[in-house]
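Participant: here is my input, please return the structure:
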Amino acid sequence: MSVKLVLRNKEYEVKAGMALLDALKKCDIVPESVIATRNGELITEDELLIDGETIKLIAVISGG
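Facilitator: Purely as a prediction, here's the structure:
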């Protein structure tokens, strides 16, 4: 029972059933630095991850 998080060309594997926020922290990804999508749809940090799915993480670039 696992979920793949994909950021750039790097894959992280986490347990299914955890919240996205917890999964990001477990992988040492700063939650504010990424936008998460599931099947092209934006998902929030409190979404529970479903076994077998792949979550694409898009790096947010900020600056001024």
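Participant: my read is that residue 60 contacts residue 36, right?
Facilitator: No - in this structure residue 60 lies outside contact range of residue 36 using Cβ atoms under 8 Å: 10.7 Å. Just so you know, the C-beta spots here come from the backbone N, C-alpha and C atoms, and that holds for glycine as well.
Participant: of those two, who's got more company?
Facilitator: residue 36 (23 against 10; other Cβ atoms under 10 Å).
Participant: ok, that one to residue 53 distance?
Facilitator: Distance, residue 36 to residue 53, using Cβ to Cβ, to the nearest Å: 11 Å.
Participant: got the contact list for the nearest residue in space to residue 31 that is not next to it in sequence?
Facilitator: Of all residues not flanking residue 31 in the chain, residue 24 sits nearest, at 4.9 Å (Cβ to Cβ, 6 or more residues apart in numbering). Contacts for residue 24 (Cβ atoms under 8 Å, 6 or more residues apart in numbering) come out as 5, 30, 31, 34, 36, 45, 57.
Participant: what pairs with the fourth one across the strands?
Facilitator: I take that to be residue 34. residue 59 (DSSP bridges).
Participant: any idea of the pLDDT on it?
Facilitator: The score at residue 34 is 97. That number is its pLDDT.
Participant: these two touch, right, residue 58 and residue 34?
Facilitator: Yes - between residue 58 and residue 34 there is a contact under Cβ under 8 Å: 6.3 Å.
Participant: who's more crowded, the two?
Facilitator: residue 34 (18 against 14).
Participant: quick check: the more buried one vs residue 7, distance?
Facilitator: According to Cβ to Cβ, residue 34 and residue 7 sit 7 Å apart.
Participant: so what sits against both of those two?
Facilitator: Common contact partners of residue 34 and residue 7 (Cβ under 8 Å, 6+ apart): 57, 59.
Participant: just list what the helix or strand hosting residue 12 packs against, helices and strands only.
Facilitator: For residue 12, the element it lies in under DSSP states H and E is strand 10-15. For strand 10-15, the elements it packs on are strand 2-7, helix 20-26, judged by 3 or more Cβ pairs under 8 Å, 6 or more residues apart in numbering; DSSP states H and E.
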